[in-house]
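# Kindly generate the corresponding structure for this input.
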Amino acid sequence: MTKKAEHAIEVENLTKRYGDLLAVNDLSFNVRQGEIFALLGPNGAGKTTTVEIIDTIRMPTSGKVNLFGMDVTKSKHEIVPRIGVLPQGFSSFDRITVKETIQYYSRLFSCGNTDIDGLIELVNLKDKTREQYKNLSGGLKQRLGIAIALVNDPEVLFLDEPTTGLDPRARREVWDLMLGLKEKGKTVFLTTHYMEEAEFLADTVAIISRGKIIAMGSPEALIESNAKYLVLTLRSVDEKAFDIVRKMGFESVHDNHKDIRVRVEQMDDVQKILNTIQEGRASLLSLDVRKPNLEDVFLKLTGETLHKEPAGGVAQ
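Okay, here's the model as predicted:
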């Protein structure tokens, strides 16, 4: 298999500046055909700028991006018919129905052969066909947005923060839809600031911080190579317990003034911590011990935490 056949997207030394602001800093990565690729990072990390360069919306300052083996700065007219895009903060017309919305965008993009009913069924909106856009929940609006991005039957789909603001059930429904698209052979390029989303969906995760990719690989490989420890969570502890753990020399992973998560190298350390807390007569409601996840990896590599729930702001 040739490289062009293997990779839908090839990014080499991509940089984007806005005056003195370095939004994207020398990024290089490839996206294989048929995979879900997640660009994971906090708001302002450069995710949206990166995806908008790849899908031909913005011009790079320097570097090279190929889609289907074609330079995105030179072959926009050949590339655009082969991609679908769900932008961040997608919105449509309030007073037209689900079916009318898809029909409108199909005509707008000159997609005369679009299977409107098939798309509605694909995104599980069959019982909402005649519902006006303004009456849809956030999750249903996102599913409609994905249907619109699919009107031209694209080979690569770009989804920019597709589940921001959704409740857990709606988010899971969108996840199932993305996995279904992968099964149909679509390549999905996802930007997200949700650890669980990237860990659950992605074949490959690229962690981006301050415009630079600092780690990339499968979720399993990233965890295995960057988090060789256990995580002890002590729930509803008091200030005395915090002090005890710190004085013992263990590194606190997370502290929200109710729980503390501690990195431990072996199970013996867990017993030492519990014995010392008990001897110090500190408060402890419950505990658990588990292997680390992608959130722990991100924290280790960046020193930053990501919101588990939507922050309500605009992610970049």
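
# Run the chain-centre distance for the helix or strand hosting residue 297.
Under the criterion of DSSP states H and E, residue 297 resides in helix 294-302. Relative to its parent chain, helix 294-302 has a centroid offset of 14 Å by Cα atoms, centre = their mean, to the nearest Å.

# where in the stretch 151-300 of the chain is pLDDT low?
Scanning the stretch 151-300 of the chain with the threshold set as pLDDT under 70 gives 252-257.

# In it, what residue spans correspond to helices?
Assigned by DSSP state H, counting those that start in this stretch, the helices in the stretch 151-300 of the chain fall at 168-183, 195-201, 219-226, 239-247, 267-279, 294-302.

# Can I get the ones you listed in a markdown table including mean neighbour count and distance to residue 19?
In short, each C-beta sits where N, CA and C put it, glycine included. Compiled in a markdown table, the helices of the stretch 151-300 of the chain are given as follows (neighbours: other Cβ atoms under 10 Å; distance: least, Cβ to Cβ, whole Å):
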| stretch | mean neighbour count | distance to residue 19 |
| --- | --- | --- |
| helix 168-183 | 16 | 36 |
| helix 195-201 | 21 | 31 |
| helix 219-226 | 16 | 33 |
| helix 239-247 | 15 | 43 |
| helix 267-279 | 14 | 49 |
| helix 294-302 | 21 | 25 |
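
# ok, back up a step: so which elements touch the helix holding residue 297?
The contact analysis (3 or more Cβ pairs under 8 Å, 6 or more residues apart in numbering; DSSP states H and E) places helix 294-302 against helix 195-201, strand 204-209, strand 212-217, helix 219-226, strand 252-255.

# Let's have the helices of the stretch 151-300 of the chain in TSV, adding distance to residue 109.
Shown next, in TSV, are the helices of the stretch 151-300 of the chain (distance: least, Cβ to Cβ, whole Å):
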stretch	distance to residue 109
helix 168-183	18
helix 195-201	26
helix 219-226	34
helix 239-247	57
helix 267-279	57
helix 294-302	35
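
# Of all the ones you listed, which one is nearest residue 287?
helix 267-279 (7.4 Å; Cβ to Cβ).

# Most remote residue from the middle of the chain, which is it?
Relative to the centre of the chain, the most outlying C-alpha is that of residue 279, 43.6 Å out, by Cα atoms, centre = their mean.

# Quick one, which of the helices and strands packed on helix 294-302 gets closest to residue 139.
Closest among the helices and strands packed on helix 294-302, using Cβ to Cβ: helix 195-201, at 13.9 Å.

# Now do the closest one: which elements does it pack against?
Using 3+ Cβ pairs under 8 Å, 6+ apart: helix 195-201 touches strand 36-40, helix 168-183, strand 187-192, helix 294-302.

# give me that answer again for 7 Å
strand 36-40, helix 168-183, helix 294-302 (3 or more Cβ pairs under 7 Å, 6 or more residues apart in numbering; DSSP states H and E).

# Report how many residues lie close to the closest residue to residue 56 other than its chain neighbours.
Ranked by Cβ to Cβ, 6 or more residues apart in numbering and with sequence neighbours excluded, the top spatial neighbour of residue 56 is residue 76, at 4.7 Å. For residue 76, the count of nearby residues is 14 (other Cβ atoms under 10 Å).

# Phi and psi next, for residue 76.
phi -60, psi -40 (degrees, to the nearest 10).

# Residue 66 versus that one, what's the distance?
Distance, residue 76 to residue 66, using Cβ to Cβ, to the nearest Å: 13 Å.

# Could you chop this structure up by domain?
The record's domain parsing of the chain by automatic domain parsing lists 3-224, 228-291.

# Looking at those, which is nearest to residue 298?
Proximity to residue 298 (Cβ to Cβ) singles out domain 3-224 among those, at 6.0 Å.

# residues near residue 114, how many?
Residues near residue 114, counting by other Cβ under 10 Å: 20.

# correction: residue 58
Based on other Cβ under 10 Å, the number of other residues close to residue 58 is 17.

# That one against residue 50, yeah?
No. Counting by Cβ atoms under 7 Å, residue 58 stays clear of residue 50, with 9.2 Å between them.

# list residues touching both of these two?
Overlap of the contact sets of residue 58 and residue 50 (by Cβ atoms under 7 Å, 6 or more residues apart in numbering) is empty.

# Quick one: residues contacting residue 142.
Here residue 142 is in contact with 90, 162, 163, 166, 174 (criterion: Cβ under 7 Å, 6+ apart).
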